[in-house]
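Chemist: heads up, no residue letters with this:
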């Protein structure tokens, strides 16, 4: 199996329908912040091997926890696995329930599931607006009161791609009451190049902090639904007590173990993202389009006719995301794809700009 940085897929004997889901069918999907590449060959091999054992309940959970713990200098007891980050968000909400504290604070905008899940589990949600497309932790701190139980942070933030930095995060944690749990969702953390991006796992030992990570994005296992959380051991224990048995399937565990082994494949994905980001930045500048610099695998750009533009691009079989539901009706979010996908997007964008 061969994967090249220019995005061309070589002969893949166990991908008989690969073309159906690629660019050959005429569609470019840049709406869901997915990895444009298939998973690592090591991940694929591990998944294929695991297929012959799906008559048994999943195993390998402890092995994956151990590998992940070693990566962050933590013990397996500091790691919880989940059926994607969505399940981990629910585990936090269930484990942290308190009769005296029933308020969740989120930024506006943010990943929509924080609010959805919080309301399902009976929390009241307080929204704190961004400032200049960025999370300001001081503003979140001011929004807390004696009813606040959880603060959800997304770093890098979906949909803006911006980050808060380590110095600000440390100050925030030191000023926050111990009764408030901080959940930092770092789904796009692998993509960030900033030297000031918080090494958040270091704070799990001394602060009420849960760090969420996923294999859906940089590791390209979105379809298998596997994420993990890092936290102090007693907090992990409470989360796992609320979890259904075997919620993470055997193929996902095998794929995650294989993916972690393949650093070369991960670096290829990240390098493609850097090159794609630079290409889109330059194209936006040439076209006079305002955009938000990103630390993730997507870019938010502005257009007065954002919704119409999104619909027009769809007619060209280029799928991007209009940000109206996020409270940003003048913005479109585009995922960074393979080089040829980014080129197709820009070509379609130029054609539509001539019409608009």
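Modeler: Okay, I see it. Every value quoted in this text rests on a predicted model; they were computed, and no experiment measured them.
Chemist: ok, and for the helix ranked longest in the chain, which residues are buried?
Modeler: Counting residues, the longest helix found in the chain (DSSP state H) is helix 263-287. For helix 263-287, burial by neighbour count (16 or more other CB atoms under 10 Å) applies to 265-266, 268-270, 272-273, 275-277, 279-280, 283-284. Just so you know, the C-beta spots here come from the backbone N, C-alpha and C atoms, and that holds for glycine as well.
Chemist: can you put those residues in JSON lines and add pLDDT and distance to residue 217?
Modeler: Putting the buried residues of helix 263-287 into JSON lines (pLDDT from 0 to 100; distance: CB to CB, whole Å) gives the following:
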{"residue": "265", "pLDDT": "98", "distance to residue 217": "14"}
{"residue": "266", "pLDDT": "98", "distance to residue 217": "11"}
{"residue": "268", "pLDDT": "98", "distance to residue 217": "14"}
{"residue": "269", "pLDDT": "98", "distance to residue 217": "9"}
{"residue": "270", "pLDDT": "98", "distance to residue 217": "11"}
{"residue": "272", "pLDDT": "98", "distance to residue 217": "13"}
{"residue": "273", "pLDDT": "98", "distance to residue 217": "10"}
{"residue": "275", "pLDDT": "98", "distance to residue 217": "17"}
{"residue": "276", "pLDDT": "98", "distance to residue 217": "14"}
{"residue": "277", "pLDDT": "98", "distance to residue 217": "14"}
{"residue": "279", "pLDDT": "98", "distance to residue 217": "19"}
{"residue": "280", "pLDDT": "98", "distance to residue 217": "18"}
{"residue": "283", "pLDDT": "97", "distance to residue 217": "23"}
{"residue": "284", "pLDDT": "97", "distance to residue 217": "22"}
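Chemist: Contacts only, for the residue nearest the centre of the chain.
Modeler: Centroid check for the chain by CA atoms, centre = their mean gives residue 187 as the closest residue, at 2.8 Å. Residues in contact with residue 187, defined by CB atoms under 8 Å, 6 or more residues apart in numbering, are 85, 111, 154, 158, 212, 213, 214, 216, 217, 227.
Chemist: Next, the residue nearest to it when sequence neighbours are not counted: phi, psi?
Modeler: Nearest residue to residue 187, sequence neighbours excluded (CB to CB, 6 or more residues apart in numbering): residue 214, at 4.8 Å. Dihedral pair for residue 214: phi -140, psi 160, per degrees, to the nearest 10.
Chemist: Residue 214 and residue 225 touch, don't they?
Modeler: No. The pair residue 214 and residue 225 fails to qualify as a contact (CB atoms under 8 Å) at a distance of 9.1 Å.
Chemist: so how far is residue 308 from the closest residue in space to residue 179 that isn't next to it in sequence?
Modeler: Counting by CB to CB, 6+ apart, residue 101 is the residue found nearest to residue 179 once chain neighbours are left out, at 6.4 Å. Look at residue 101 and residue 308: by CB to CB, to the nearest Å, they are 44 Å apart.
Chemist: Residue 230 too?
Modeler: Look at residue 230 and residue 308: by CB to CB, they are 43 Å apart.
Chemist: which of the two has more neighbours?
Modeler: Remark: of residue 230 and residue 308, residue 230 carries more neighbours, 26 against 14, as counted by other CB atoms under 10 Å.
Chemist: need the contact list for the residue lying closest to residue 331 once chain neighbours are set aside.
Modeler: Leaving out its chain neighbours, the residue that sits closest to residue 331 by CB to CB, 6+ apart is residue 323, at 4.1 Å. Neighbouring residues of residue 323 by CB under 8 Å, 6+ apart: 109, 159, 300, 306, 329, 331, 332, 333.
Chemist: Contacts only, for the second one.
Modeler: Okay, so that is residue 159. Residues near residue 159 by CB under 8 Å, 6+ apart: 109, 298, 300, 321, 323, 326, 328, 331, 333.
Chemist: Also the fourth one?
Modeler: By CB under 8 Å, 6+ apart, the contact list for residue 306 reads 322, 323, 324, 329, 330, 331, 332.
Chemist: Residue 322 contacts residue 307, doesn't it?
Modeler: Yes. In this structure, residue 322 is within contact of residue 307 by CB under 8 Å, at 5.0 Å.
Chemist: what touches both of the two?
Modeler: Residues touching both residue 322 and residue 307 (CB under 8 Å, 6+ apart) are residue 329.
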